[in-house]
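Colleague: Sequence plus the predicted model coming up.
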Amino acid sequence: MASLSLVNVCKTFKNGQVAVKDFNLDIKDQEFLILVGPSGCGKSTTLRMIAGLEEISSGELWIDGTLMNLTAPQKRDLSMVFQSYALYPHLTVYENMAFSLRVRNVMKTEIDKRVRNAADVLCISHLLDRKPHALSGGQKQRVAIGSAIVREPKAYLMDEPLSNLDAKLRTQMRVELSKIHKELGATIIYVTHDQVEAMTLGTRIVVMNSGVMLQAAEPKVLYQNPINKFVAGFIGSPSMNFIPVWVERREDRICVEFSKNRLFVNEECAKRLIDGDYLGRRVYLGIRPEDLHETGPKEQELKLNVEIKEVLGSEILLHGKIGRNPVCARLKPDFPSEAGKEASIFADMNRILLFDMDTEENIL
Ligand code: ATP
């Protein structure tokens, strides 16, 4: 497997569209690196530049210590898996998986060994004689991944490979991909829109916006310590709630106030706010739906005017307003609440985040 390095990589298309700006990243051997970000932020372009399907406007791409900018895609020794399965309809599963090796004149016995091994890893050995039309979506996607595996590439590049599958198959394939990653010791660079895929598959997640990498970190770090309001809002589902608040000193303690609500912050948070000269200023309070609870101390209580109650089985989502601020809370299913009524919920003050109003950077 391989390590990759992108140094100041930029992409400007012929029409002047800047898709990627100054992208710097070292991808370690065996990493499962996820690229996430809103539509049009440059994820696919970044992946396609690594694959060699898109020219790099400026900057450097290194694979295992070799500069690869001008190397043809087929000579980069990378396998790409797309969201469309790209199988040959007239060939069997076996022949589809063997195809790329046949054109490279790999010996028949070697092809057979690799195809059967990959089929085994992907649990599709019983499908080798079938043609694509006789496969389910999930099975087709496994064959597409199988075709990538048999090539034994240095790294896998995957562009939303599960997005055409229904929710159940997606979950199954997600688990499969995780296993494949471990079994093959593969380096994988993976583009997705899906929060859950990003959080569960990634050893590291890169969050992009408008062609710029905002933060690259382990999923837990991104979730707990996002660099700014954008990353905080992008990671986690439902999204973090953001409420503009005033930072004040009351009863010799530091608190945040909004729409007749007052929440005292913990000592560490108070210190940061004082050190950052935020007293008397406005900041964004960030609190995740899962950090609003059914019970808690009176001084952490908030009154939520419930507008919509979504029952999800193992939990409920209450959507409503605190003052004028839209807020979502994720609570236990037996929590007494109703649309049109007020609910008392409690903010976990050890889990809040605060963001500068101007720079939107994380203050804590
Ligand atoms: P999505 O999640 O919707 O697939 P993305 O993050 O993968 O989006 P890209 O496909 O990398 O985004 O596109 C980044 C930007 O570059 C977009 O603004 C897009 O419109 C633009 N772009 C992509 N391909 C071209 C092209 N061939 N010519 C001009 N602009 C392009």
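Modeller: All right, it came through fine.

Colleague: Please count neighbours and contacts with C-alpha atoms only from this point.
Modeller: Noted.

Colleague: Dig out what residue 62 forms beta bridges with.
Modeller: Per DSSP bridges, the residues bridged to residue 62 are residue 5, residue 67.

Colleague: ditto for residue 305
Modeller: With DSSP bridges applied, residue 305 shows beta-bridge pairing to residue 321, residue 342.

Colleague: neighbours around it, how many?
Modeller: As a burial measure, residue 305 scores 23 neighbours (other CA atoms under 10 Å).

Colleague: Do I have it right that it meets residue 345?
Modeller: No - using CA atoms under 8 Å, residue 305 is not in contact with residue 345; the gap is 10.5 Å.

Colleague: which bits of this protein sit near the ligand?
Modeller: 13, 15, 17, 19, 38, 39, 40, 41, 42, 43, 44, 45 (CA under 6 Å from any ligand atom).

Colleague: mind running it again at 5 Å?
Modeller: Residues of the chain found near the ligand (CA under 5 Å from any ligand atom) are 13, 19, 39, 40, 41, 42, 43, 44, 45.

Colleague: Just the buried residues of those residues.
Modeller: For those, a neighbour count by 16 or more other CA atoms under 10 Å gives the buried set as 19, 41, 42, 43, 44, 45.

Colleague: Test my guess that the fifth one contacts residue 191.
Modeller: Yes - Residue 44 sits in contact with residue 191 when judged by CA under 8 Å, with a separation of 6.9 Å.

Colleague: shared neighbours of the two, anything?
Modeller: Common contact partners of residue 44 and residue 191 (CA atoms under 8 Å, 6 or more residues apart in numbering): residue 159.

Colleague: Doesn't residue 79 lie inside a strand?
Modeller: Yes - assessed by DSSP: H, G, I helix; E, B strand; the rest coil, residue 79 belongs to a strand.

Colleague: Offset the numbering so it begins at 366, please.
Modeller: Sure thing, new numbering starts at 366, so read that last one as residue 444.

Colleague: Not counting sequence-adjacent ones, nearest residue to it?
Modeller: Once flanking residues are discounted, residue 444 sits nearest to residue 521: 4.9 Å by CA to CA, 6 or more residues apart in numbering.

Colleague: Go ahead and confirm the one you found touches residue 549.
Modeller: No - with contacts counted by CA under 8 Å, residue 521 stays clear of residue 549, the gap being 11.0 Å.

Colleague: okay, these two: which has more neighbours?
Modeller: The residue with more neighbours, out of residue 521 and residue 549, is residue 521; 25 against 14, by other CA under 10 Å.

Colleague: by contact count, what packs against the strand or helix carrying the more buried one?
Modeller: Using DSSP states H and E, residue 521 falls within strand 520-524. Applying 3 or more CA pairs under 8 Å, 6 or more residues apart in numbering; DSSP states H and E, we find strand 520-524 packed against helix 408-416, strand 443-446, strand 553-556.

Colleague: Highest mean neighbour count out of these?
Modeller: Each of the helices and strands packed on strand 520-524 was scored by mean neighbour count; the highest is strand 553-556, a mean of 25, by mean count of other CA atoms under 10 Å.

Colleague: Relative to the whole chain's centre, how far out is the next helix-or-strand element following that one?
Modeller: Using DSSP H and E, the helix or strand that follows strand 553-556 towards the C-terminus is helix 560-566. Offset of helix 560-566 from its chain centre (CA atoms, centre = their mean, to the nearest Å): 5 Å.

Colleague: Would you mind identifying the next helix or strand past helix 560-566?
Modeller: From helix 560-566, the next helix or strand downstream (DSSP H and E) is strand 569-574.

Colleague: between that following strand and helix 408-416, how many degrees?
Modeller: Orientation check (axes from the mean of the first three to the mean of the last three CA atoms, to 10 degrees): strand 569-574 against helix 408-416 gives 120 degrees.

Colleague: Within its sheet, name the partner strands of strand 569-574 and how each one runs.
Modeller: Using DSSP bridges, the strands paired with strand 569-574 are strand 397-401 (parallel), strand 577-582 (antiparallel).

Colleague: nearest to residue 514, of those strands?
Modeller: strand 397-401 (15.2 Å; CA to CA).

Colleague: For beta bridges, what are the partners of the residue nearest to residue 444?
Modeller: residue 444, residue 553.

Colleague: Got the phi and psi for residue 613?
Modeller: Per-residue torsions, residue 613: phi -130, psi 160 (degrees, to the nearest 10).

Colleague: hmm, back to that, and the helix or strand following the strand holding residue 521, which residues are buried?
Modeller: The element immediately downstream of strand 520-524 (helix or strand, assigned by DSSP H and E) is helix 532-549. Residues of helix 532-549 classed as buried under the neighbour-count rule (16+ other CA under 10 Å) are 534, 535, 538, 539, 541, 542, 545, 546.
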